[in-house]
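Asks: Whatever this is, show me its structure:
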Amino acid sequence: MNLVQALRVSSAPKLVLVGSGGKTTALFKIANQLPKPVLVTTTTHLSVEQTFFADQHHCVESIDDLKQLDREMPEAVLLLTGRQTGESRISGLHPSVLQSLIRLAHRRKIALLVEADGAQKLPLKAPAVHEPAIFPEIWNQDFSDEKQTEAVKKSRQTLLDAVIVVSGLSGIGKPLTDAWVHRPQEFSRVSGINEGDPVSIFGLRNVLIHPQGGLKNIPPGVRRVALLNQFDRLDNKFHTRQLADELINSFDAAIISSLGGAAKTSKGGYKDINSTFEPEIAGVYEPVAGIILAAGGSQRMGKPKQLLNWRGQSLIRHVVTNALQANFSPLIVILGAYLEQIKNEIEDLPVKVVNNENWQQGQSTSLHVGIDALPKRVGSAVFILADQPMIAPSLLSSLVDMHAKTLAPIVAPKFFEKRGNPVLFDRDTFSDLKKIHGDVGGRALFDRYQVKYLEVEDEQILHDIDTLDDYEQLLSSLD
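Replies: Here you go, the predicted model:
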């Protein structure tokens, strides 16, 4: 998995990068992983040496300069800036020129990447009063076409796809001074860490989720991504996953990466430098939903199996309690038959109950209503059967971990070459799950998508409760 795949962007995204700790490296990695041409610019300034990372550098100071570029657009990574303002600095584009560039990129379906602040090559920073220079108003969609419906106008107010907030983990544990942190006074104020004290990973969290920190100036509705870079340089990696999990309450995704560095090639252009064995992307963490399928009528059982006694509580309550330990966001329970009876068993638990009025038409209808109930920012969903009480929370977490490391479309457990349940589906599969009909589950997609299998040593992934004999055998296995 490379950075573009981890970001889940289109082939021609409009992205703004802010922050520190490898922002320019990330910028040119993205540019080189996208189809060409790719336009790169800045709203502040760049150093002269950074211009060599592009295939071509163009000084653009007017609309006429843009028109010329539009007529003669090469298949390359193009860095567009203002004039050189000193011995080592080059100015960014004037906002009016940038606005025209945004429209050009949108019209021609070309990727546009914008660096919107500086960090003096330090791993950590907090924004100054004038930063980051995102200029949300110049990204506004042009709705001069009267044929655009109000629904379209409301759903798409901006041409900006995502803001990527970069931080360098190599600054963790280092003193909060200007040797490691750009603008240490501001960082101290929003992090709660005294100047001179070591920067903790949770102090970085405070900065990233602060409205005057990592979230500053990001337009409403724009995808927010926290890019935690320099994972390979972090001495103690223990709390990094916890940091990522906490960040997705405020960000749409938190990506842990080791992007290495960038250098000029002998012929000019960009070259990766990575002297470690860490993968480029260690993990992509997004909100993961749990969907418990409990709408069936238990025809073979002859009574609602969701209400069977299991270790002193109902089967459905046991399954829901287990799933809650996996920290799904949200956890959804799909009910249908015996709605009120089953709902009473779990109404005090922090779950969202959804009624499948068409449950008699088969399991696919529960998939449909479950997906319809998901928030837009969910990255994947784990479908859990309500009649598998032996599924441990650790298995649910392992499915999520494997998906975070691979972004595989489907992740399923396997016991000695036999595949079982529960199964995780990436959001890229949701539209196809909605097309399944009848008494069919998500396995209908296994031949259409790549499936990543998690090898397990517990055959309980193969067993569910359909009959009283199944129930009694599982109970006896507990003795």
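
Asks: all contacts plus neighbour counts: C-alpha atoms, from now on.
Replies: Fine.

Asks: I would like the residues contacting the helix or strand hosting Glu472, please.
Replies: Under the criterion of DSSP states H and E, Glu472 resides in helix 468-477. With C-alpha atoms under 8 Å, 6 or more residues apart in numbering as the test, helix 468-477 has contacts from 301, 464-465.

Asks: roughly how far is that helix from the heart of the chain?
Replies: 41 Å (C-alpha atoms, centre = their mean, to the nearest Å).

Asks: Renumber starting at 16 from here on
Replies: Let's use 16 as the start, then, which means that last one is helix 483-492.

Asks: what does stretch 459-477 rub up against?
Replies: The contact list for stretch 459-477, computed with C-alpha under 8 Å, 6+ apart, reads 403, 405-406, 414, 417, 423-431, 433-437, 447-448, 451.

Asks: Filter these down to the buried ones and hand me the ChimeraX line.
Replies: Selecting just the buried residues from the contacts of stretch 459-477 in ChimeraX takes one command, with 16 or more other C-alpha atoms under 10 Å as the test:
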select :403,405,406,414,417,423,424,425,426,427,428,429,430,434,435,436,437,448,451
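
Asks: So which of the contacts of stretch 459-477 belong to strands?
Replies: Among the contacts of stretch 459-477, the members found in strands (DSSP state E) are 425-430, 433-434.

Asks: Would you convert those residues into JSON lines that also reports pLDDT and distance to Lys231?
Replies: Converted to JSON lines, the ones in strands among the contacts of stretch 459-477 look like this (pLDDT from 0 to 100; distance: C-alpha to C-alpha, whole Å):
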{"residue": "Ile425", "pLDDT": "98", "distance to Lys231": "35"}
{"residue": "Val426", "pLDDT": "98", "distance to Lys231": "36"}
{"residue": "Ala427", "pLDDT": "95", "distance to Lys231": "39"}
{"residue": "Pro428", "pLDDT": "93", "distance to Lys231": "41"}
{"residue": "Lys429", "pLDDT": "91", "distance to Lys231": "44"}
{"residue": "Phe430", "pLDDT": "89", "distance to Lys231": "47"}
{"residue": "Lys433", "pLDDT": "85", "distance to Lys231": "49"}
{"residue": "Arg434", "pLDDT": "86", "distance to Lys231": "46"}
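
Asks: Most neighbours among the contacts of helix 483-492, which one?
Replies: Using other C-alpha atoms under 10 Å as the neighbour test, those are led by Ile480, with 21 neighbours.

Asks: quick one, helices of the stretch 266-415 of the chain?
Replies: In the stretch 266-415 of the chain, the helices defined using DSSP state H, counting those that start in this stretch lie at 330-339, 354-361, 378-387, 408-421.

Asks: What helices and strands are in contact with the last one?
Replies: Secondary structure elements in contact with helix 408-421, counted by 3 or more C-alpha pairs under 8 Å, 6 or more residues apart in numbering; DSSP states H and E, are strand 296-300, helix 330-339, strand 425-430, strand 438-441.

Asks: need these in JSON lines with distance to Val368, can you?
Replies: JSON lines is the format used below for the helices and strands packed on helix 408-421 (distance: least, C-alpha to C-alpha, whole Å):
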{"stretch": "strand 296-300", "distance to Val368": "25"}
{"stretch": "helix 330-339", "distance to Val368": "11"}
{"stretch": "strand 425-430", "distance to Val368": "25"}
{"stretch": "strand 438-441", "distance to Val368": "20"}
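
Asks: For the residue positioned nearest the centre of the chain, name its beta-bridge partners.
Replies: For the chain, the residue nearest the mean C-alpha position is Ala268 (2.9 Å; C-alpha atoms, centre = their mean). Ala268 has these beta-bridge partners by DSSP bridges: Val240.

Asks: Make sure it is actually in contact with Leu243.
Replies: No - the criterion here is C-alpha atoms under 8 Å, and Ala268 misses it with Leu243 at 10.6 Å.
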